[in-house]
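Asks: Got a predicted model here, sequence first, then my questions.
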Number of protein chains: 2
Amino acid sequence: MSHLDLGPGPEFDRIRSIEKALGPRAGELGDDCALVLVGDEFIALSIDLSVEGVHFRREWLSLEEIGWKAAAGALSDLAAEAARPEGLLASVGVPKAGDPGDVANIMRGVGEAAASVGGRVLGGDLSSAPVLTIDIAVVGRTARPVRRQGAQVGDGIWVTGELGGARAALASWSAGETPITTARRSFAHPVPRIGAGLWLAERGAHALIDLSDGLAGDAGHLAAASRVMIELALDRVPLHGAVPAAALKTSQLPAVFAALGGEDYELLVAMPRQFTSADAGALEREMGIPLTLIGRVSAGSGAVCRLQGREVALTGFDHFA
Amino acid sequence: MSHLDLGPGPEFDRIRSIEKALGPRAGELGDDCALVLVGDEFIALSIDLSVEGVHFRREWLSLEEIGWKAAAGALSDLAAEAARPEGLLASVGVPKAGDPGDVANIMRGVGEAAASVGGRVLGGDLSSAPVLTIDIAVVGRTARPVRRQGAQVGDGIWVTGELGGARAALASWSAGETPITTARRSFAHPVPRIGAGLWLAERGAHALIDLSDGLAGDAGHLAAASRVMIELALDRVPLHGAVPAAALKTSQLPAVFAALGGEDYELLVAMPRQFTSADAGALEREMGIPLTLIGRVSAGSGAVCRLQGREVALTGFDHFA
């Protein structure tokens, strides 16, 4: 498809206006990765911009963690395409007056994230900038990519891991508190689900997306790309251990708190209806990653979230909302 | 090579410290492009960060021109690898309070630059940021890349086009004046020398680099990567028409002014000694691009610039000098 199907919001309005401005100069935008066919396999490419004060603060994270998080978030797009990482390129902007060692510390974290999934740092660029700015372009390979489009009526919607940990850490920092260790780790040290993405693709995944904007928003993108409705039972969403206490402080129900939290970098996947909880158990046994059925695909459009059977209106993170 | 050979300066010290921090997690850094072998051809990748107030100002350029310049500068790295562009990915950061149409205007320029060399916009990311921030990752293909390393003693050093136009425009703006049209165009609308890069590769180019930091600095990188000395006769450097008047205001000799100017995005190439001015004439006839012999490769190290036979000490642009 050259048409861009995304969920609602001012950020996505801007992206739609870009598509319009580009016209035929645009490739197939709107998936987790761009794909370039070379010989008999695809090169999967994605780019992810992290800006100090928008995506992170120095008071919260070490420079190594800032580098890891930027790179892991970008590598997560390869997981969401079921691609095997080759490596990444990193552009880093740092204030001119900063410590000359800062860049090396950031890149140490970037390099660790790349190495953790079998990739390398292939190149980069360096500039001065008013705030720390890290842009990561990732490169992977796949003979059989899984796109956002492709979810079919009757598919089950599954999610890896537990949700809401990164938001729980953010909520603590925003309240001037120190996050609990496991929540802090979710935010600072997300793990790109490369192995799980490949595993799901091998088992016939119809459509795949990673959770960067939050479950509610990203399910909307999956639904829009696949031109189906996704119905989510929030009661089933696996919650990070820090969520109940953090949710209480916001007066939100824990499942709503988690569904609105971004940057979990777990995978949301539409699996054929034949795929069962027993099948899902194998992923947990093999890789230690839980896989939970949280919804289904039906005819229609949009993502519908229900809690105890009642519909709740939720939207994902939007940089310009 | 996994070792990084670059010229001197604080910016390149930072890059060397990154290489040290990365250790085996780094690929072959230090060329215009990273190369990934897929089947029987190479995927060439490069990334290039442009930051408002560092690389451009909004008072100087339209948003379309800012987009074009950022993309053309990145695509120039594919020219310097003798790669054919497939396309690019663009990360754009814009202030939250800005006009929602700004991003589309920037991307219109990015898309035009990509289309001008047969490429497309394959993907991107969008974020808020304190100043306009554009990071471009380019993707090309080549069966026979030309690296910075490979220059051999006895090679001629040639340069495409004319130098100093972008610096002449910058000098006018810095003095509160309006640049002449052709100089403004050199800065705002550089043309990636894709066709010339491929043409030179077909004729046996030994080593290739694009001029982004300035002739003096980039010749130093080529010399360092190839482990040779490059001797340049500045008297031979083809000058942009705006250079003499602009140089006069800085009290620099025109050839020195041009050799210190960055962002010309012309190609500097080491050709076998058999390659003659008659051969070079064919490039001008075929593509309208002059190719001028400005130096030679000899044993030793570093780039040596001479003017009327006397050595002059020059260095390239450094973000942290």
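Replies: Yep, that arrived. Numbers count the residues shown, from 1 in each chain, chains lettered A, B, ... in the order given.

Asks: ok now do residue A:168, which residues does it touch?
Replies: A:179-180, A:183, A:186, A:240, A:242-243, A:245-246, A:257, A:261 (Cβ atoms under 8 Å, 6 or more residues apart in numbering or on different chains). Backbone N, C-alpha and C define where each C-beta goes, glycine included.

Asks: and residue A:59, how many neighbours?
Replies: Using other Cβ atoms under 10 Å in any protein chain shown, residue A:59 has 6 neighbouring residues.

Asks: scratch that, residue A:67
Replies: For residue A:67, using other Cβ under 10 Å, the count is 30.

Asks: circling back: buried ones among the contacts of residue A:168?
Replies: By neighbour count, with 16 or more other Cβ atoms under 10 Å in any protein chain shown, the contacts of residue A:168 hold A:179-180, A:183, A:186, A:240, A:242-243, A:246, A:257, A:261 as buried.

Asks: Let me know the closest of the residues you listed to chain B.
Replies: residue A:261 (18.1 Å; Cβ to the nearest Cβ).

Asks: Dump the buried ones among the contacts of residue A:168 into TSV; add distance to residue A:96 and secondary structure as well.
Replies: TSV is the format used below for the buried ones among the contacts of residue A:168 (distance: Cβ to Cβ, whole Å; DSSP: H, G, I helix; E, B strand; the rest coil):
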residue	distance to residue A:96	secondary structure
A:179	32	coil
A:180	37	coil
A:183	34	helix
A:186	33	helix
A:240	39	coil
A:242	38	coil
A:243	41	helix
A:246	38	helix
A:257	40	helix
A:261	35	coil
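
Asks: Can you name the residue of the stretch 151-300 of chain A nearest to chain B?
Replies: Counting by Cβ to the nearest Cβ, the stretch 151-300 of chain A gets nearest chain B through residue A:212, at 10.3 Å.

Asks: Which pLDDT value belongs to that residue?
Replies: For residue A:212, the pLDDT comes out at 94.

Asks: Let me see the contact set for it.
Replies: Taking Cβ under 8 Å, 6+ apart, we find residue A:212 in contact with A:73, A:76, A:218, A:262-263, A:265, A:317.

Asks: mind running it again at 10 Å?
Replies: A:32, A:48, A:73-74, A:76-77, A:80, A:166, A:190, A:218, A:221, A:262-266, A:316-317 (Cβ atoms under 10 Å, 6 or more residues apart in numbering or on different chains).

Asks: so of those, which ones are in helices?
Replies: Judged by DSSP state H, the contacts of residue A:212 include A:73-74, A:76-77, A:166, A:218, A:221 as members of helices.

Asks: Save these as a markdown table, and put in neighbour count and distance to chain B too.
Replies: A markdown table is the format used below for those (neighbours: other Cβ atoms under 10 Å in any protein chain shown; distance: Cβ to the nearest Cβ, whole Å):
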| residue | neighbour count | distance to chain B |
| --- | --- | --- |
| A:73 | 24 | 10 |
| A:74 | 29 | 9 |
| A:76 | 29 | 13 |
| A:77 | 29 | 9 |
| A:166 | 27 | 17 |
| A:218 | 27 | 15 |
| A:221 | 24 | 14 |
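
Asks: what's the closest of those residues to residue B:67?
Replies: Nearest to residue B:67 among the ones in helices among the contacts of residue A:212: residue A:74, at 21.8 Å, using Cβ to Cβ.

Asks: my read: that closest one touches residue A:67, true?
Replies: No: at 11.2 Å, residue A:74 does not count as touching residue A:67 under the criterion of Cβ atoms under 10 Å.

Asks: got any residues that touch both of these two?
Replies: The contact lists of residue A:74 and residue A:67 share A:50, A:90, A:110, A:113-114, A:134, A:136, where a contact means Cβ under 10 Å, 6+ apart.

Asks: If we check chain B, which of these are in contact?
Replies: A:50, A:90, A:110, A:113-114, A:134, A:136 (Cβ under 10 Å from any Cβ of the partner chain).

Asks: The stretch 51-200 of chain A: helices as residue ranges?
Replies: According to DSSP state H, counting those that start in this stretch, the stretch 51-200 of chain A carries its helices in the segments A:63-79, A:102-116, A:165-174, A:181-188, A:194-202.

Asks: Show me what the fourth one is packed against.
Replies: In this case it means helix A:181-188. Using 3 or more Cβ pairs under 10 Å, 6 or more residues apart in numbering or on different chains; DSSP states H and E, the elements in contact with helix A:181-188 are helix A:63-79, helix A:165-174, helix A:243-250.

Asks: Tabulate the CA atom coordinates of that helix in CSV.
Replies: Provided in CSV are the C-alpha atoms of helix A:181-188 (Å, rounded to 0.1, in the frame of the first residue of the first chain):
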residue,chain,number,x,y,z
THR,A,181,13.6,-0.6,40.5
THR,A,182,11.6,-2.7,38.2
ALA,A,183,9.6,0.2,36.8
ARG,A,184,12.8,2.3,36.4
ARG,A,185,14.3,-0.6,34.5
SER,A,186,11.3,-0.9,32.2
PHE,A,187,11.7,2.8,31.2
ALA,A,188,15.5,2.9,31.1
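
Asks: Can you name the residues in contact with it?
Replies: Helix A:181-188 is contacted from outside by A:56, A:60-62, A:64-66, A:68-69, A:72, A:109, A:161-173, A:178-180, A:191, A:240-243, A:245-246, A:261, A:263-266, using Cβ under 10 Å, 6+ apart.

Asks: Let's see that with 6 Å instead.
Replies: By Cβ atoms under 6 Å, 6 or more residues apart in numbering or on different chains, the list of residues contacting helix A:181-188 from outside reads A:61, A:65, A:165-166, A:168-169, A:242.

Asks: Not counting sequence-adjacent ones, nearest residue to residue A:252?
Replies: residue A:260 (7.5 Å; Cβ to Cβ, 6 or more residues apart in numbering or on different chains).

Asks: right, and that neighbour touches residue A:214 too?
Replies: Yes: the pair residue A:260 and residue A:214 passes the contact test of Cβ atoms under 6 Å, sitting 5.3 Å apart.

Asks: Get me the contact residues on the stretch 201-321 of chain A for chain B.
Replies: Within reach of chain B by Cβ under 6 Å from any Cβ of the partner chain, the stretch 201-321 of chain A has these residues: residue A:319.

Asks: Apply 8 Å and report the result again.
Replies: Within reach of chain B by Cβ under 8 Å from any Cβ of the partner chain, the stretch 201-321 of chain A has these residues: A:319-320.

Asks: which residue does the stretch 201-321 of chain A bring closest to chain B?
Replies: For the stretch 201-321 of chain A, Cβ to the nearest Cβ, closest residue to chain B: residue A:319, 5.1 Å.

Asks: Just the strands from chain A, written as ranges.
Replies: Secondary structure of chain A (DSSP state E): strands at A:34-38, A:41-51, A:84-94, A:120-128, A:133-142, A:156-160, A:207-210, A:229-233, A:267-271, A:291-298, A:302-307, A:310-312.

Asks: where are the low-confidence patches of the stretch 201-321 of chain A?
Replies: A:315-317, A:321 (pLDDT under 70).

Asks: I should have written the stretch 51-200 of chain A there, sorry.
Replies: For the stretch 51-200 of chain A (pLDDT under 70), the answer is none.

Asks: Would you mind listing what in it touches chain B?
Replies: Contacts of the stretch 51-200 of chain A with chain B, taken as Cβ under 8 Å from any Cβ, map to A:51, A:53-55, A:86-87, A:89-93, A:96, A:100-101, A:103-105, A:107-108, A:111-112, A:114-115, A:120-131, A:133, A:135, A:137, A:139, A:141.

Asks: Quick one: buried ones out of these?
Replies: A:51, A:54-55, A:86-87, A:89-93, A:103-105, A:107-108, A:111-112, A:114-115, A:120-131, A:133, A:135, A:137, A:139, A:141.

Asks: and the residue lying farthest from the centre of chain A, what is it in contact with?
Replies: Within chain A, residue A:97 marks the point farthest from the mean C-alpha position, 33.0 Å out by Cα atoms, centre = their mean. If a contact means Cβ under 8 Å, 6+ apart, then residue A:97 has no contacts.

Asks: and the gap between it and residue A:130?
Replies: Remark: distance between residue A:97 and residue A:130 (Cβ to Cβ, to the nearest Å) = 11 Å.
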